[in-house]
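> After the sequence you'll find the predicted model.
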Amino acid sequence: MTIRPHVLEPLEYGNAASFWVEYPSGLVDLTREAHLIAKKEDETVATNGTHPEPPLHSSTQLEIPVDGERVVRCAKSKSAIVIVDMQNFFLHPDLRDHSTGLQCVIPLMNVVPALRTQDVKILWVYVPLTDSRDIHIALFARSNWGLTEHELATIPPSLVRSFMKNNRGGFGSHLPVPFGRLLMRGEFNADLYGPLHQLYLEGKKEGTDVWIHKNRMSGIWGYQTALDLYLQEHGITTLFFAGVNADQCVLGTLVDAYFRGYDCITLQDCIATTSPAGGLENVLYNATNSYGFVTDTIRVEEAIKKQSS
């Protein structure tokens with residue numbers, strides 16, 4: 001993959017309220033906290049090859065290496081990880097063979113506690129809630145399926161057909177015991193898979209995890225979705241993405257977030273798909289070259305340890 005050349009002079013993108021600053025060192029500052037000082041038209045600045053960068057404030061900011069020989073600087077309080085569809089329906093071996101999806105579990109089990117220590121929001125954009133009053137404020141957002149009877153009756157035909165394999169089954173159909181009705185709210189197949197469910201419960205108890213439901217391939221598909229409202233109300237601008245399937249629900253949420261102006265960072269070892277070869281590679285290619293940045297949980301955890309030492 002061709003690496004984007006480094007900028008020769010500091011460069012600011014965006015507008016007065018929402019902006020990034022990229023430096024020749026490879027640092028891309030996403031915090032929206034320090035504008036470049038505009039030069040007058042006739043002013044020249046001798047830099048001797050150096051370009052001063054705002055100092056890193058370790059207590060409120062985090063720097064993470066990403067692909068393309070860059071380092072992104074995030075504001076911790078304005079960041080969240082969005083974990084998509086890591087549910088029994090998509091991962092449980094009794095329902096399907098998703099070995100690459102299961103390989104994402106351990107990296108998530110490691111990175112979620114690390115991000116909690118940094119006050120990064122954890123949003124489980126996920127649906128199996130029986131009552132809207134059960135939603136708990138959290139530090140991670142998971143976007144997951146979990147339909148109500150009303151939604152089952154009103155979702156569009158294209159979506160209904162896409163979940164009917166071999167012209168049968170589909171949303172609300174009965175799966176083998178104990179999985180319940182397909183992706184209906186409160187059913188076992190709509191719960192988080194295995195140890196991830198316990199991880200969520202721990203965060204819920206600590207007051208660090210939020211569970212947000214979606215009823216489309218994207219968690220931010222329409223006007224004022226639950227996820228988009230939460231992000232706006234809490235001033236979140238930077239999103240880390242994880243989950244399955246990479247080229248379907250993860251990509252749908254990622255692209256809609258990109259369209260709305262969020263900073264998008266994909267965790268390569270936390271996304272997977274059952275699609276043929278090329279599906280995952282296409283997502284990663286565009287996540288790096290168009291939608292934002294790509295890194296992995298190892299680099300995130302190492303960055304946290306380095307700044308904490």
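Here it is on my side, so go on. It should be emphasised that the depicted structure is a prediction, and the values quoted were computed from it without experimental measurement.
> Is Ala17 in a helix, a strand, or coil?
Reducing the assignment at Ala17 to three states with DSSP: H, G, I helix; E, B strand; the rest coil gives coil.
> number of nearby residues for Asp97?
For Asp97, the neighbour count with other Cβ atoms under 10 Å is 9. Every C-beta, even on glycine, is put in place using the N, C-alpha and C of the backbone.
> Repeat that for Leu196.
Counted with other Cβ under 10 Å, the burial measure for Leu196 works out to 23 neighbours.
> That one - nearest residue in space that isn't next to it in sequence?
Closest residue in space to Leu196, ignoring its immediate chain neighbours: Met86 at 5.3 Å, by Cβ to Cβ, 6 or more residues apart in numbering.
> Same question for Gly279.
Leaving aside its chain neighbours, Gly279 sits nearest to Asp247 (4.2 Å; criterion: Cβ to Cβ, 6+ apart).
> same check, this time on Ser58
Excluding its sequence neighbours, the residue lying closest to Ser58 (Cβ to Cβ, 6+ apart) is Gln307, at 4.7 Å.
> need the contact list for the spatially most central residue of the chain.
Note on the chain: the residue nearest the mean C-alpha position is Phe241, at 2.2 Å, using Cα atoms, centre = their mean. With contact set as Cβ atoms under 8 Å, 6 or more residues apart in numbering, Phe241 has these partners: 81-82, 84, 250, 253-254, 257, 264-267, 270-271, 287.
> and if you look at Leu231?
Contacts for Leu231 were tallied using Cβ under 8 Å, 6+ apart; they are Ala80, Leu123, Ala141, Leu239, Tyr262.
> In a markdown table: these, plus neighbour count.
Listed next are the contacts of Leu231 as a markdown table, based on neighbours: other Cβ atoms under 10 Å:
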| residue | neighbour count |
| --- | --- |
| Ala80 | 26 |
| Leu123 | 30 |
| Ala141 | 30 |
| Leu239 | 27 |
| Tyr262 | 22 |
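> Test my guess that the residue nearest to Gly279 contacts Asn282.
Yes: Asp247 is within contact range of Asn282, at 6.7 Å (criterion: Cβ atoms under 8 Å).
> So which of those two has more stuff around it?
Neighbours around Asp247 and Asn282, counted as other Cβ under 10 Å, are more numerous at Asp247. The numbers are 20 against 14.
> Where does that one sit: helix, strand or coil?
Classification of Asp247 by three-state DSSP places it in helix.
> Tell me the spacing between it and Gly278.
Asp247 sits 9 Å away from Gly278 when distances are taken as Cβ to Cβ, to the nearest Å.
> now the helices for the stretch 1-150 of the chain?
Secondary structure of the stretch 1-150 of the chain, counting by DSSP state H, counting those that start in this stretch: helices at 88-91, 99-102, 105-116, 149-154.
> Looking at these, which is nearest to Ser59?
For those, distance to Ser59 was read as Cβ to Cβ. The smallest value, 15.5 Å, belongs to helix 105-116.
> Great, nothing more from me.
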